[in-house]
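Novice: Okay, sequence plus prediction incoming.
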Amino acid sequence: MMTGPDRDVKYPLENYDRLCFLKNVVKNPNIIVGDYTYYDDFENVENFEKNVKYHFDFIGDKLIIGKFCMIASDVKFIMNGANHLTNALTAYPFAIFGNGWEMAMADKAYPDKGDIIIGNDVWIGYNATILSGVTIGDGAIVAANATVVKDVEPYAIVGGNPAKVIRMRFPEEKIAKLLELQWWNWDIEKITRNVQKLTGTEIDALIE
């Protein structure tokens, strides 16, 4: 029985250590990654966690990535630890320097925009940046060098800084069917039986 690559291996491509199944590389418990999501790095796959920026344990925010995602080299995730006050007279973080400034944040809190959530079957291109609180829907594509500052609809293609929708991958009816189908949640044997159909264009062939 063919079941595809072993989801629990670190490097699914023989003799190639620049592409990994990401869940088998990350060590931070606040980074949660689904099966078969891969990360491809020009230098070292261990760079992934280095590119999850300002991810401080005491804040507790999470980076959640779904199944079957494709993440290119140098993609960066900017977590809530990077946030400063924006409604105050100054954004300067006096309190962290002490020496008489310790109480600058008394009864105040830095903005927390929430977790970064990446859906399933999402492709994030080279050097893209995803900001805190952003949700990227299933099947979306983020272009190289894009800066994503707000949520991305399922099956949208976005690019630019700030990222905007370039186009939708499919008509609304087809997107609705794909979101109902949720092929990424099938058992791996069923996915393996249907890989040719999944790489085709006819969704009705999958529904049969």
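Specialist: Okay, I see it.
Novice: Next, the residue nearest the centre of the chain: phi, psi?
Specialist: With distances taken as C-alpha atoms, centre = their mean, the residue of the chain nearest its centroid is I118 (3.9 Å). Backbone torsions for I118, taken as degrees, to the nearest 10, come to phi -110, psi 130.
Novice: do A156 as well
Specialist: According to degrees, to the nearest 10, A156 has phi -90, psi 150.
Novice: Quick check: the residue of the chain most remote from its centre vs V134, distance?
Specialist: For the chain, the residue at maximal distance from the C-alpha centroid (C-alpha atoms, centre = their mean) is G100, at 40.0 Å. The gap separating G100 from V134 is 37 Å, by C-beta to C-beta, to the nearest Å. Every residue, glycine included, has its C-beta placed from N, CA and C.
Novice: buried residues in the helix or strand bottoming out on mean pLDDT in the chain?
Specialist: When each helix and strand of the chain is scored by mean pLDDT, DSSP states H and E, helix 203-207 comes last, with a mean of 84. By neighbour count on 16 or more other C-beta atoms under 10 Å, the buried set for helix 203-207 is I203.
Novice: Could you do stretch 152-164 as well?
Specialist: Buried residues in stretch 152-164 (16+ other C-beta under 10 Å): V152, P154, Y155, A156, I157, V158, G159, A163.
Novice: same thing with stretch 89-102?
Specialist: Going by 16+ other C-beta under 10 Å, stretch 89-102 has no buried residues at all.
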